[in-house]
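Asks: Make a model of this:
(chains A and B)
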Amino acid sequence: MTEKEIRLRFAPSPTGYLHIGSARTAFFNWLYAKKVGGKFILRIEDTDVERHREDTISIILDSMKWLGMDWDEGPDTGGNYGPYRQSERLDLYKKYAQKLLDEGKAYRCFCSQEQLKKNREEALKVNEFYKYDRKCLSLTQEEISRKIKSGEKFSIRLLVPREKILSFSDNVYGNFEVNSSNIEDYIILRSNGMPTYNFSVAIDDCLMKITHVIRGEDHLSNTPKQLLIYDALNFGHPDFTHLPMILASDGHKLSKRHGSISIESYREEGFLPEAVLNYIALLGWSYDEKTTIFSVKEMVEKFDLKSINKKASKFDYEKLLYLNGHYIRELKEDSLEEILINKLIKKNDNLKDKVNFLKEKLAKIIPITRERVKTISGYEKILVPFFNEINYSDDAKNYFTKKEINIKEILKSSVKSLENIDNNSFNTENIEKELRGIAAKLQLNLKIIAEVLRIAIWGEPVSPPLFETIEIIGKKATLYRLKNYLKSIA
RNA sequence: GGCGCAUUCGUCUAGUGGUCUAGGACGUAGCCCUCUCAAGGCUAAAACAGGGGUUCGAGUCCCCUAUGUGCUACCA
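Replies: This is a model prediction of the structure:
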């Protein structure tokens, strides 16, 4: 092994579902790992006992799998650098915190949370810059021993050097520099023994030999704090890439009140993983000035850290819809068939035994419907009148009342004419021929005939192509619907 | 309040000092196709946040302002 192995990670905290922003972060890590032939690692950052929700772990994992992101190491797959859950690595954090303590690079803090909160609020009230006052730094060894012995709780704070320029180079934001004097002696180990974020990420990224960190821009300001840890422990630091934020369409931070933002909900709404990934990739990344459609394979080839932009982007549902429509049209016919059949069976268990019948039908339905639909759930709706009897809404019943059309004559002629077609030749071609014949006979535009039949056959003024639809529905059902509509308007 | 980051059509973006009368995509509008709706094709409207510099020349470099946003927690 001459080249150092490239290792990336996605490190969600299990406090909710996988949302658009984290999915993109995961995806960019995954893409880059695939592109350079590196490893992609999944790590669960569950150090917040309060907000932790165990059930969200499987939701996050399922969403990732659904999107097609696989990982080489993780809590479920294992690996050489485990455990992959921070809650199972507590002894490691303790060990390194102790090391810093021993080296005088960290110190114990016995201040109560209430006191600290009060101090901060007071400083803020008079618009003052607040930083921990290092009260506990001046504690003598005896005082510390006595407090520990009497059972006083303490946290461990990093002793942040003053007037030190902390800098690193970010692949997106360029050179980033900050003076350490602006950073307080932040807590690395809580009094309950849990590490805080800035400490545990740094430790884990080192221990897990992560070479490239790709994460949200909200961590840009945190990076110097982590740099402090790398320095104090004499670890080298990874290569950083911070991704611009994804905001809701109103320009504010994406949150639950903005509706469906979880990958889970897009899946339920009938989005395809290809579409979601393509859309997500375009938020902050572009390949050239023209291309918008990318297969996963192409993205792996073309993805590049250097062509990520800095500007936060707003989420645009319309464009996602467009892409989804595109991918529904691109889908192989049997894949689409399979997806649709599964959906239909899920809704109606009786259909389980009729898979072949469904397949046969769908083979005819798909070519005339797929380009009219933008989501799979939209697709399910358009399927209904092909398989079920239709009920006429009031709108459908009254559709022609104000129009000067002899609708009954049209319907009756149609019935007569369609009845004449032989059962075996009840196909699009003959249906069209008959209906055009009626139009000629009644001296009406085909449009009028089609409009009437459409309402009768489909119940709505918009449907898939009429002649094909009539063929698929079949002679019997078509005649039934025509007569039924005739009755309903009588 | 302190410390950062950002700002090109409504939205996602191309753009790295002259090739920009600023390109593409979604959306919008119109036309074509057409049995409706889509899809597809064609066309159109639509942007360099504002102000100062630097330069022969600025969307591109610098400064200020405005706006947005992040961190400033014993959240991540």
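
Asks: Every contact and neighbour count from this point should use C-alpha atoms.
Replies: Will do.

Asks: quick one: the closest residue to residue A:277 other than its chain neighbours from residue A:337, how far?
Replies: Distances taken as Cα to Cα, 6 or more residues apart in numbering place residue A:67 nearest to residue A:277, at 7.2 Å, with adjacent residues excluded. According to Cα to Cα, to the nearest Å, residue A:67 and residue A:337 sit 20 Å apart.

Asks: again, but for residue A:435
Replies: 31 Å.

Asks: can you check residue A:364 too?
Replies: 11 Å.

Asks: More neighbours: those two, which one.
Replies: Counted by other Cα atoms under 10 Å, residue A:364 and residue A:337 do not tie: residue A:337 has more neighbours, with 20 against 14.

Asks: What strand or helix carries that one?
Replies: helix A:333-347 (DSSP states H and E).

Asks: That helix: what's the following helix or strand?
Replies: Counting by DSSP H and E, what follows helix A:333-347 is helix A:355-369.

Asks: Which residues does the helix or strand just after that following helix contact?
Replies: For helix A:355-369, the succeeding helix or strand toward the C-terminus, using DSSP H and E, is helix A:376-387. Helix A:376-387 is contacted by residues A:268-271, A:340, A:343-344, A:369-370, A:373, A:458, A:469, A:472-473 when judged by Cα atoms under 8 Å, 6 or more residues apart in numbering.

Asks: Please spell out the PyMOL selection for the buried subset of those.
Replies: Listed next is the PyMOL selection for buried residues among the contacts of helix A:376-387, using 16 or more other Cα atoms under 10 Å:
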select buried, chain A and resi 270+271+340+344+369+370+373+458+469+472+473
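
Asks: Close to RNA strand B as well: tell me which of the contacts of helix A:376-387 qualify.
Replies: residue A:373 (Cα under 7 Å from any atom of the strand).

Asks: Look up the pLDDT of residue A:49 for me, please.
Replies: We note a pLDDT of 89 for residue A:49 in this prediction.

Asks: How much space separates it from residue A:163?
Replies: 35 Å.

Asks: Residue A:309 too?
Replies: From residue A:309 to residue A:163 the distance is 31 Å (Cα to Cα).

Asks: When these two are compared, which one has more neighbours?
Replies: A count of neighbours by other Cα under 10 Å puts residue A:309 above the other of residue A:309 and residue A:163, at 18 against 11.

Asks: can you pull the contacts of the more buried one?
Replies: By Cα under 8 Å, 6+ apart, the neighbours of residue A:309 are A:172, A:243, A:244, A:284, A:285.

Asks: Likewise for residue A:45?
Replies: Residue A:45 touches A:11, A:12, A:13, A:14, A:85, A:86, A:87, counting by Cα under 8 Å, 6+ apart.

Asks: Leaving out chain neighbours, which residue sits closest to it?
Replies: Nearest to residue A:45 is residue A:13, by Cα to Cα, 6+ apart, at 4.6 Å.

Asks: cool, and residue A:189?
Replies: residue A:195 (4.3 Å).

Asks: Tell me the spacing between the one you found and residue A:94.
Replies: With Cα to Cα as the criterion, residue A:195 and residue A:94 are 8 Å apart.
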